[in-house]
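Novice: Sharing a model prediction with you, sequence too.
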Amino acid sequence: MNVAGLIVGLGNPGKEYERTRHNLGFMAVDALMDAAAREPGGGCDQLSGGKKKYDLWRCRITPTGDPWLVAKPQTFMNLSGEAVLAIASYYRVKPAAILVVHDELDIPLGRMKFKTGGGNAGHNGLKSITQLLGTPDFHRLRLGIGRSPHGGETTNWVLGRLTGPEQDALDKLLPAAVQAMTIFATQGAAAATQFANACKPE
């Protein structure tokens, strides 16, 4: 099966983690698949589930060109690399064709940044993916969650649920994140970087 590449949303499986800040990657790829389903000629077909280390779909993000794989690892965050490596190996997807969508403490809620390669900024999901792929040279769409205004332990903040105002900001960010992923899939990393880094959803 020919595929254009792999888009991975990071998060933790299970109802107790739904709508938490650490699961923005899951929310973003869900929004991407919803958008694909509304496109003429678009849509997603599930390829796996159950006992796999990941949930995986084949998605026509745009009507033309090869489909993209869209994945949600089911390994918990700090083992995300196991899922990404398994998919990339089986479907022969190179790191240069992988986009990882994840939450980012160092970006304010409601903003996003796109980058290729670089460090992991303490993000355990990115750390696992980098270790198992053997390279940091994959693309990242970094969705801001900001840091706790009260200080305190980072784990409690990222695993906390979004408040009402935060949810409002996320509702504005997700359509822009879908647009950034679509631009990456159709125009490449440079165009996605330009769009995401300048985007200020209102």
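Specialist: Done, it's in.
Novice: Double-check that Ala192 belongs to a helix.
Specialist: Yes. Assessed by DSSP: H, G, I helix; E, B strand; the rest coil, Ala192 belongs to a helix.
Novice: Buried residues of the longest helix seen in the chain, list them for me.
Specialist: If you go by DSSP state H, the chain has its longest helix at helix 164-187. By neighbour count with 16 or more other CB atoms under 10 Å, helix 164-187 contains the buried residues 166, 169-170, 173-174, 176-185. For every residue, glycine as well, the C-beta is placed using N, CA and C.
Novice: got the residue ranges for the strands in the protein?
Specialist: 6-9, 43-46, 54-60, 68-73, 98-104, 112-116, 139-144 (DSSP state E).
Novice: Turn the ones you listed into a markdown table, columns for distance to Ala88.
Specialist: Below are the strands of the chain laid out as a markdown table (distance: least, CB to CB, whole Å):
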| stretch | distance to Ala88 |
| --- | --- |
| strand 6-9 | 6 |
| strand 43-46 | 18 |
| strand 54-60 | 11 |
| strand 68-73 | 9 |
| strand 98-104 | 7 |
| strand 112-116 | 16 |
| strand 139-144 | 13 |
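Novice: could I get the ones you listed as TSV with mean pLDDT?
Specialist: Shown next, in TSV, are these (pLDDT from 0 to 100):
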stretch	mean pLDDT
strand 6-9	98
strand 43-46	92
strand 54-60	95
strand 68-73	96
strand 98-104	96
strand 112-116	96
strand 139-144	96
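Novice: So for Val158, which of the ones you listed sits nearest?
Specialist: Among the strands of the chain, the nearest to Val158 by CB to CB is strand 98-104 (6.6 Å).
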